[in-house]
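Peer 1: Sequence first, then the predicted structure:
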Amino acid sequence: MGAYDDIIHLPHPISARHPRMPMIDRAAQFTPFQALTGYGEAIQETARITGEKAELTEEEKAVLDDNLHFLAATGNKAAFTYFLPDGRKSGGAYVTALGAVKKLNPLEGRLILTDGTDIPIDNILEIEDGVSMDHLFGEEIS
């Protein structure tokens, strides 16, 4: 006869005072211990790739300048591709903003679009006018 033969067939006791712990909380008790807090995030940040800003020739800068002044005068929408520096590490990424020029301030080196996007003029890589972008955005741009 075993040590527990007298209780082996009895129903499992259920406490009236203490409700059963939900399964999700029970599982959380067995999650691995993370001794180096933040180490995983540091690894991900190091692995995140950033690009370098391209340098334009004087001719390319002159063309961009002409396009900016034209867009500021006409109010036409365009796609502005510009370099956005990364806030945490060297480098950054190129992003594209769609909009019309609200304010062009060459003295401060800033371009502000009607949606409030503030773009440093020196960071602009390319300006694509609205006529050639109709197929990209599925709308008529003017």
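Peer 2: Everything's here; your move.

Peer 1: Other residues contacting the longest strand along the chain?
Peer 2: Ranked by residue count under DSSP state E, the longest strand found in the chain is strand 92-105. Residues outside strand 92-105 that contact it (C-beta atoms under 8 Å, 6 or more residues apart in numbering) are 50-51, 53, 68-69, 71-72, 75-86, 110-115, 117, 119, 125, 133, 137, 141. Placement of C-beta: from N, CA and C, glycine included.

Peer 1: I'd like the next helix or strand past it.
Peer 2: Note on strand 92-105: by DSSP states H and E, the next helix or strand toward the C-terminus is strand 110-113.

Peer 1: So for the very next helix or strand once past that next one, mean pLDDT?
Peer 2: Going down the chain from strand 110-113, the next helix or strand is strand 118-120, by DSSP H and E. When pLDDT is averaged over strand 118-120, the result is 95.

Peer 1: What residues of strand 118-120 count as buried?
Peer 2: By neighbour count with 16 or more other C-beta atoms under 10 Å, strand 118-120 contains the buried residues Ile119.

Peer 1: That one pairs with which strands, parallel or anti?
Peer 2: Sheet pairing of strand 118-120 (DSSP bridges) gives strand 110-113 (antiparallel).
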